[in-house]
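# fold the following and give me the result.
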Amino acid sequence: MGKTNKPDWVNYVAHVFTSGNSNLWLDDLGLKEKLIKNFGEIDYISDPIDFQKFTDFYNDEMGKNIRVEGRMISFKNLGSQAFLAEAKNITNELEKEYTVDGKRKVNIDIGFVHHTQFVLASTKHWGNRIYIGKGIFAEITLIYVYGKWSSLEYSYVNFKNETYQQELEKIRNIYMPKRKEKMIKERKK
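From the prediction side, this is the model:
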């Protein structure tokens, strides 16, 4: 019989993409403060990443012929993997706050970095997703093997890209010392 173990703490990450200048949404329109209120202090924000080149899926909603910028955002405090469904419902509510005429101008993909994987939450079922409660599914988007991120057949095209994987590597490098420190503290209890 297998022995159950407490799951590792993870580093929550948001992939935020916006119509137009992401600084406008994050800073001027207060999205960053709302993310901090819900997920805690931010310890990393990537430079803008051209998200538009990966898909035109969001053009009808966010606008055609505009720049769609993405940012990878890491939260300082480690969290429970079990929080993922709640986190996605929080980000869905934040997205609603930034709609214009019923169309989103901000998309927030919430997930987490674990030392072995990058997991994203979704409201949509697909064959590669597991239902985790509260109307939310989880998807292992990337796995960490032999010192690098590896995509899977179904991984979103932007996360198959080297730029995104480099950003996730930076976040993983921030996460690993936090994870080690947390594990040491827990062993001392």
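
# so which bits of the helix of greatest length in the chain are buried?
Scanning the chain for the helix with the most residues, using DSSP state H, yields helix 162-188. Residues of helix 162-188 classed as buried: 164, 165, 167, 168, 169, 171, 172, 175, 179 (neighbour count, 16 or more other Cβ atoms under 10 Å). Bear in mind the C-beta positions are built from the backbone N, C-alpha and C, glycine included.

# how close does residue 110 get to residue 38?
From residue 110 across to residue 38, the span is 10 Å (Cβ to Cβ, to the nearest Å).

# helix or strand next in line after the lengthiest strand in the chain, which one?
Using DSSP state E to define each element, the chain has its longest strand at strand 68-79. Sequence-wise, the next helix or strand downstream of strand 68-79 (DSSP states H and E) is helix 84-97.

# state the mean pLDDT of that next one.
Average pLDDT, helix 84-97: 97.

# show me the contact partners of that helix.
12, 14, 31, 34-35, 38-39, 79, 104, 106-112, 119, 121-123, 132-136, 138 (Cβ atoms under 8 Å, 6 or more residues apart in numbering).

# please apply the same query to stretch 2-13.
39, 72-75, 78-83, 87, 110-115, 118-119, 168, 171-172, 174-175, 178-179, 182.

# the strand or helix carrying residue 132: which residues count as buried?
For residue 132, the host element (DSSP H and E) is strand 130-133. Neighbour-count burial for strand 130-133 flags residue 132 (criterion: 16+ other Cβ under 10 Å).

# give me the more crowded residue out of residue 110 and residue 38.
The residue with more neighbours, out of residue 110 and residue 38, is residue 110; 29 against 17, by other Cβ atoms under 10 Å.

# contacting residues for that one?
So residue 110 contacts 12, 13, 14, 84, 87, 88, 90, 91, 120, 121 (Cβ under 8 Å, 6+ apart).

# ok, now how distant is the fifth one from residue 112?
Think residue 87. Distance, residue 87 to residue 112, using Cβ to Cβ: 8 Å.

# same deal with the fourth one?
Look at residue 84 and residue 112: by Cβ to Cβ, they are 7 Å apart.

# show me the common contact partners of these two, please.
Joint contacts of residue 84 and residue 112 (Cβ under 8 Å, 6+ apart) are residue 119.
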